[in-house]
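A.B. asks: the following block contains a protein sequence and its predicted model.
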Amino acid sequence: MSRRSWSVLSVLAVVIMLVTACSPVPATQAPAAAPAAATPVTLTWAFWGSPEEAVSHKAVADAFMKEHPEIKVETWNEPWDNYFTKIQALWASGDPKAVPDIAFLWPTPKYAAEGVLENLDPYIQKSGYDLNDYWGGLLESAKYKGSVYGLPRDNEINVLYFNKDLFDKAGVKYPDENWTWDDLLAAAEKLTVKDASGKVTQYALAMEGGKYSKWVNQNGGAILDDYVNPSKCLLSTPESIAAVKFFSDMMNNGYAMRDADLSQAGGDQAVFLSGQAAMIIQNTSRVSSFNAAKMNYDVAVVPIPAGGKRWNPAGGAAWVMSAKSDNKDAAWTFLSWLQGKDGGEKLYTERGEIFPALQSVANSSVFMTDQPPANKKGIVAEAAASGVGGFGYFPEWDELDSSVIGPAMQKIWAGEADPAQALPELCKLADQFLKDKGFPKQ
Amino acid sequence: MPTTSAAQSTSPPRRNPFRWRPDQQWEAYLFILPSLLGFLVFVFIAVGASLGISFLDWGLTGPRGFVGLANYRELLRDPVFWRVARNTAFYIITIVPLQLALGLTIAVGLNQAIRGTEAFRLIYFLPVVTTIVAGAIVFRLLLARNGPLADAVTGLGQLLGIPLSLPDLLGSTRNSKVSVVLLTLWKNTGFTMVVYLAALQGVPQELIDAAHVDGANAWQRFRNVTVPMISSTTFFLFILQTIGAFQLFAEPFVMTRGGPAQSSEPVVQYIYDNAFRFTRMGKASAIAWFLFIFIFGFTLLQNIMQRRWVYYETE
Amino acid sequence: MEDTNRRSTARLSVPAQSALTVALILGSLIMLAPFFVMLVVSLWPNEAFLARHFPLNQITLANFVETFRVIPFGRYILNSAIVTLIVTVFQILISSLAAFAFARLRFRGREGLFLLYLATLMIPTQVTLIPNFLIIRSLGWYDHYQALIVPALFSALSTFLLRQYYRSVPLDLDEAARMDGASSLRIWWQVIVPLSWPVMSALAIFTFQGAWNDFLWPLVVTNSDKMRTVPIGLSYFVGQYSTAWNLLMAGSVIALLPVLVIYLLAQKKFVQGITLTGMGGR
């Protein structure tokens, strides 16, 4: 054999080796493929979280399967940060077998606009599912073009958590439903502790900058003129500017933690646990960890400006059904069970994981336990003030918020911009964005 | 072996470095075949598809319509795009030279006859093999405004009796990029160092000795003998670091989320956001191709320049 | 070290040596500080970290055990090791073959093809993720090792860098070998590959750590615990509302160990490569 053909053969061998190493293995997974009459229907159910967090979801699935032996629920979970990337890739593949039948999702309108979600209106009508039990404004976040595309699992109720020990130490009266912004400022002054060099060692308040809409709406301001079909940014109104200024002044005075400092310190849960902040404003997801740490704390409604109104941004991630699901009727059975007051809602609430989206569950003994925090009535009062205004319900909201509104706000929270100047500039950009996207739509 | 090639080999190699041989043609194709097959399936198709997608309004599940150059035109007046492009440019012009200078300095230090070079080399290399998520989170803790580094600087100031304080590195729009650069230098300098170290050990000792005899001092020997002798390594690292800095994503994403106010957001994060958060695959692809055209021109220029300043032993 | 002893004329004076050592130690402290933090966080309960208070009597190794209990970390490490080793070896082999042809063989379309390779370098993976995902699905590789391994075998960067290096090797070596009757494949294996040990091991380290840390692609093409890799496992500790800092850091420390072993092995070869090929004296 000549040397040349030897070399030809050797290279060929490498190629063949590679090709065989890469040859497709027959797909072993074929879930939900043509269910035989006797075998149960299989649904894939997607949510985010670690395998450990998945435990409670799996318990919910087990409870469902006990009641409905004809349906088998398989769970599917990904880390929170990249759940959305993954599920989008699956949708992009267009393969119904790859896409979960029921998924946990936020924000619903963006995905509904892409046509990947099933319109739930017909199912709701047929089964007589009760939508009136949801908190005010909550379902708006799961609607697209007037139709319901998702059922929100929980309502994010932002309340004021306060550390009783630190309040006692500073000799400050506990907050109650009569507190105004002025009371908050007066307490903040006493609760802020600085060391000799002027460095703040204890902040009065920690609150994520992104929750600013609470102050704005309490003060009669707004982000947009309409949250479904907007034409104008309203953050430049005097009411909005005053509200943003109230919050940014608290940061500039050292009463409230700057947004960047807060995230570097590990978030509000961490600073509240460690006593670095005497108060935080956050949703009820923190309760279980504060209870586990046996903290001496309680919650109160968030103080409002004199003459203002109590307000909470209604919103919560929703369960949605894939438009490509092979078993839509079974999926609806599961979905309506998940969001029924004796099914999933009850189980999640019992586990202390959520503030339920259904008013009846929140007002029942399932939520009104004797576990801390004592002031559950305060949470319900804040929930009763739920309304639209925290975010847009149109598909382009994410882009508007993260590339126009968010960056301008972050400059304010960093103390690098004055709300009176930055907000009108922001609105100019936001109006241009809306115009470019063809808003207001007919 | 054909006799023609033997005859040709007497001609000086410089004039015709790649001799034409018909039989080499097929051999060459076979050498390239494994790579080419993979490129066809996993690279060219996807890259070609992304070019096509850049002319479409491409949502989550597929095309919504042909839009021609609209995605590109949008970029020209998209303030966010220019902001993140400037950020990436900043990363390239700071990280690449600093990385090369730092890596070479440490490598020269470790190339001396001193004790413990093995241990030093390991320590400087350790960050290279650390997962980026862990590294970024630890840096976020270290550089925080109330973190240990700030405390150390303030403490030092008190010790010296002068008011010293660390500027806010993560929370201000002016300094957030610096934090990312610091993290990247910590993470990657070890790699540059290891590669330079190998190159330094390949510099012929006779050349350095000869320069010594000619009366060149240490700096002159380094500047006029060592640096030219390792220029091909510098080029290798230059390209590697430039591409690395251009594709920077995980470091700022974990450490600052690109904030505050997008002050540390690199282009690739904006591409990611467009593709996966704003469901605008078309625009994401357009950004990538827009930059590609720009960078490709730059690379061509580099290739031309490289002929002028890289020393190849064949020449 | 044997290879530094030969520098007779370059030997530093004793004060200079001490100064250099002090500078290198200071630099080492900076490089090690983040690892110190990592280790401290991994050795205490999460509450200790949140309170930034680390009492000595609370020190524990429980986090390292817990990491394996919360997620199937052992399996993830095994997957990462399998994928990374195969990718590193074959990517460099395949790139080396192609680079050899690009650098030292002449064929029609060489410049054009090489330009095409170069062109793909600058397109970030975020853009090609979806098209590539569709290809993987249509091949039936979703959630299989092939999906993690095969696409990573073809690297324009490795090919480009090896080609640059191969071009710097004198062509006379090929000619001499060809005169002796060696085939191209033999020249590649017996002349070029041994000469390029240093650059190949540098590339190997680079490829290895890139593959070991890759996150986005494994996330998208795998679905089951059987196929997941270490970076995805670590990301489970970063939750929507809270992070298990202690587990994240313990996991990171564990993830560091295999790579460290590989480095220690590779670096030995690395140094050997230099002395064996006589690059030092060329």
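C.D. replies: In hand now; what should we look at?

A.B. asks: contacts, neighbours, all on C-alpha from now
C.D. replies: Will do.

A.B. asks: residue numbers of the stretch 151-300 of chain B in contact with chain A?
C.D. replies: Within the stretch 151-300 of chain B, the residues that sit near chain A (Cα under 8 Å from any Cα of the partner chain) are B:Leu170, B:Gly171, B:Ser172, B:Thr173, B:Gly259, B:Pro260, B:Ala261, B:Gln262, B:Phe276, B:Arg277, B:Phe278.

A.B. asks: of those - the most surrounded one?
C.D. replies: Neighbour tally across those (other Cα atoms under 10 Å in any protein chain shown): the maximum, 30 neighbours, falls on B:Gly171.

A.B. asks: A:Gly220: neighbour count?
C.D. replies: For A:Gly220, the tally of surrounding residues (other Cα under 10 Å) stands at 17.

A.B. asks: where does it fall, secondary structure wise?
C.D. replies: Per DSSP states H and E, A:Gly220 falls between elements, in no helix or strand.

A.B. asks: and for the nearest residue to A:Tyr212 once chain neighbours are set aside, the neighbour number?
C.D. replies: Setting aside the residues directly before and after it, A:Tyr212 is nearest to A:Val244 in space (Cα to Cα, 6 or more residues apart in numbering or on different chains), at 6.9 Å. Other residues near A:Val244 come to 27 when the count uses other Cα under 10 Å.

A.B. asks: and A:Ala330, by the same measure?
C.D. replies: Neighbour number of A:Ala330 under other Cα under 10 Å is 19.

A.B. asks: ok, it to A:Asn77 distance?
C.D. replies: Per Cα to Cα, to the nearest Å, A:Ala330 is found 20 Å from A:Asn77.

A.B. asks: cool, C:His144 as well?
C.D. replies: Where A:Asn77 is concerned, C:His144 sits at a distance of 18 Å (Cα to Cα).

A.B. asks: for the residues of the stretch 151-300 of chain B next to chain A, which one is nearest chain C?
C.D. replies: Distances from chain C to these, taken as Cα to the nearest Cα, are shortest for B:Phe276 (9.1 Å).

A.B. asks: skipping adjacent residues, who's closest to that closest one in space?
C.D. replies: Closest residue to B:Phe276 apart from its sequence neighbours, by Cα to Cα, 6+ apart: A:Thr85 at 5.8 Å.

A.B. asks: residue contacts, that neighbour?
C.D. replies: Contacts for A:Thr85 (Cα atoms under 8 Å, 6 or more residues apart in numbering or on different chains) come out as B:Phe276, B:Arg277, C:Val220.

A.B. asks: need these in TSV with distance to C:Ser95, pLDDT and secondary structure, can you?
C.D. replies: Below are the contacts of A:Thr85 laid out as TSV (distance: Cα to Cα, whole Å; pLDDT from 0 to 100; DSSP: H, G, I helix; E, B strand; the rest coil):
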residue	distance to C:Ser95	pLDDT	secondary structure
B:Phe276	31	85	helix
B:Arg277	35	86	coil
C:Val220	25	87	helix
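
A.B. asks: is the longest helix that chain B contains in proximity to chain A?
C.D. replies: In chain B, assigned by DSSP state H, the helix with the most residues is helix B:79-110. Yes - remark: helix B:79-110 sits within contact range of chain A at B:Val80, by Cα under 8 Å from any Cα.

A.B. asks: quick one: list the elements packing against the helix or strand just after that helix.
C.D. replies: Tracing the chain past helix B:79-110, the next element assigned as helix or strand by DSSP H and E is helix B:117-125. Helices and strands touching helix B:117-125, by 3 or more Cα pairs under 8 Å, 6 or more residues apart in numbering or on different chains; DSSP states H and E, are helix B:79-110, helix B:176-201, helix C:14-43.
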